[in-house]
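**Student:** the sequence and its predicted three-dimensional model are supplied below.
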Amino acid sequence: MRTDLSASPRRLAAAALAATLLGGCAVGPDFQRPQTPAATQYLPEPLAPATASAPVAAGEAQRFHQGRDLPRDWWHLFQSPALDALIDQALKNSPSILAAEAALKLAHENMLAQQASFFPAVSVNFNPTRQQVPTGSLTTSAASGAALYNLHTAQLNISYVPDLFGGTRRAVESLSAQADSQRFQLEAAQLALTSNVVVAAIQEASLRAQLTALQNIVDAESRRLELLRGQESAGAAAGADVVNQEAALAQVRSAIPLLKKQLAQQRDLIAALAGSLPADFHFEGIDLASFRLPQDLPLSLPSKLVAQRPDVRSAEEQLHAASAQIGVAQANRLPQLTLSAGIGSSATALSQLFKSGNGFWNLGAGLTQPLFDGGALLHRKLAAEAAYEQAEALYRNAVITAFQNVADALTALQFDAEALAEAYNAERAAFKSLEVNRRQLELGDAALPVVLAAEHNYQQALLNLVQAQASRLSDTAGLFAALGGGWWKP
């Protein structure tokens, strides 16, 4: 989804005319792209070639491939057709993308409007009047000698302001940079939208998986309560054991409404990202197990990151625009030359307007040099320089944030892989412990509080496992977004 901003014939003609007529240098600084950071790695320590693994869904080891580029449609790496369809819908309907596209068009049209200053301004006017001359003090200019007459005047006017010191060129340069900045902001909006949709879909799947796990635990606890009630009736269990089990069951059930609330709100978020109202959006959800964890992770070189992050490129173009504005402010303090010409005809009768002898013409030139303006032009130049310093700081901040995002994502992937392995081991151990304690309780060799504690541990371990699986998927999407999302690929 791109907006074509290739050079139009009008733009090329403007550039050619400017180069022919205004071959002089433009005042102000010539923009130089900031140097690329000299970093050779993202983390203080060397990156491990692969993450840990676990024998569970989303538990595969992930390998980092230095210097490999991301595909443009990076979400296809999760191998989920339902996710692909959801993202397609979001890209087509999201108001944030439509707004970014409109902002790009606005910036582009403003640039083209400024380019018109390279050309002479031509206008034509026709002015019919009826007038009376006070003959007591003035002589009529009408050939008929009448004091009351009609006058028809048609005139072609031409005016041109040569760009002597490059102020217009710098203004066009600034607006062109702003248009490029908007183009990168559009790419950034698309990247943010797609990554948010992926993470939201994964989180929605995680909440449904957690809800299923909780419901299974509720069913198991309910069966345990029925068993204890039967044992109490037979005199084999104390009333306190039944009460304790009822409390444990109520505690598990109390978590279900909270998860349902989060699930409903997550679906509302997905609807908003897809550009739809919650009441009009129908989303059946994507099972967590249907996501495929990408095992081969492209990892761009640090030297290329600033060229691949659309937010950094947008900040760079804002810096470029601010640099050009210094030239505009400086040119405004220098002499301004205006050339003008006019040709026309004037007659008292419309039928005689273009007859011989009724024509007139004029040529003119004006040179204006500001002498005193209370310091306004000087302070505007100083303000432009301050704006450049601000844009430069914002650019450096964008670069630092970009490297931080990648470093955070890499760290998260490594530790999340270890966390998932530990969560899997904890879930297996808790399950075995629960099974042993349940058999002992049925045989009368274990106390109910011990079994309740084992059930609680298993419940928590199961939920932690689901959350750890979702974290690995979400942080993988986070890495792809931090690297720029492959927007530069065809």
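**Tutor:** Here it is on my side, so go on.

**Student:** check what pLDDT the most centrally placed residue in the chain gets.
**Tutor:** Most central in the chain under CA atoms, centre = their mean is residue 189, positioned 2.3 Å from the mean C-alpha point. You'll see residue 189 listed with a pLDDT of 96.

**Student:** shouldn't it be in contact with residue 98?
**Tutor:** No - using CB atoms under 8 Å, residue 189 is not in contact with residue 98; the gap is 9.8 Å. Quick note: C-beta positions are derived from backbone N, CA and C, even for glycine.

**Student:** in which helix or strand does residue 129 reside?
**Tutor:** strand 121-132 (DSSP states H and E).

**Student:** okay, buried residues for the host helix or strand of residue 102 please.
**Tutor:** Following DSSP H and E, one finds residue 102 within helix 95-115. For helix 95-115, burial by neighbour count (16 or more other CB atoms under 10 Å) applies to 96-97, 100-101, 103-104, 107-108, 111-112, 114-115.

**Student:** from residue 356, how far out is residue 267?
**Tutor:** Distance, residue 267 to residue 356, using CB to CB, to the nearest Å: 82 Å.

**Student:** just want to know which of the two has more residues nearby.
**Tutor:** Taking other CB atoms under 10 Å, residue 267 and residue 356 do not tie; residue 267 has more neighbours (19 against 7).

**Student:** host element of that one?
**Tutor:** Judged by DSSP H and E, residue 267 forms part of helix 239-273.

**Student:** give the buried residues for that helix.
**Tutor:** Using 16+ other CB under 10 Å as the test for burial, helix 239-273 gives 241-242, 244-245, 248-249, 252, 255, 259, 262-263, 266-267, 269-273.

**Student:** likewise stretch 398-409?
**Tutor:** 398-399, 402-403, 405-409.

**Student:** for those, which one is nearest residue 207?
**Tutor:** Distance ranking of the buried residues of stretch 398-409 against residue 207, using CB to CB, places residue 409 first at 22.5 Å.

**Student:** just checking, that closest one touches residue 482?
**Tutor:** Yes - using CB under 8 Å, residue 409 is in contact with residue 482, at 4.7 Å.

**Student:** tell me the pLDDT at the closest residue to residue 303 other than its chain neighbours?
**Tutor:** Excluding the flanking residues, the one nearest residue 303 by CB to CB, 6 or more residues apart in numbering is residue 36, at 5.5 Å. On pLDDT, residue 36 comes in at 90.

**Student:** dihedrals phi and psi, residue 36?
**Tutor:** Note on residue 36: backbone dihedrals following degrees, to the nearest 10 are phi -70, psi 140.

**Student:** equivalent analysis for residue 287, please.
**Tutor:** Torsion angles at residue 287 (phi, psi; degrees, to the nearest 10) stand at phi -60, psi 140.

**Student:** ok, now how distant is it from residue 455?
**Tutor:** In this view, residue 287 and residue 455 are 26 Å apart by CB to CB.

**Student:** comparing these two, which shows the higher neighbour count?
**Tutor:** Legend: neighbour count by other CB under 10 Å for residue 287 and residue 455, higher for residue 455 (23 against 14).

**Student:** report pLDDT for residue 186.
**Tutor:** On the pLDDT scale, residue 186 gets 96.

**Student:** wasn't it part of a strand?
**Tutor:** No - using DSSP: H, G, I helix; E, B strand; the rest coil, the secondary structure at residue 186 is helix, not a strand.

**Student:** what's near enough to touch the nearest residue in space to it that is not next to it in sequence?
**Tutor:** Nearest residue to residue 186, sequence neighbours excluded (CB to CB, 6+ apart): residue 100, at 4.3 Å. Applying CB atoms under 8 Å, 6 or more residues apart in numbering to residue 100 gives the contacts 182, 185-186, 189-190.

**Student:** nearest to residue 441 among the residues you listed?
**Tutor:** Taking CB to CB as the measure, residue 441 sits nearest to residue 190 out of those, at 56.6 Å.

**Student:** so how far is whichever strand or helix holds that closest one from its chain's centroid?
**Tutor:** Assigned by DSSP H and E, residue 190 falls within helix 167-233. From the chain centre to the centre of helix 167-233 is a distance of 17 Å (CA atoms, centre = their mean, to the nearest Å).
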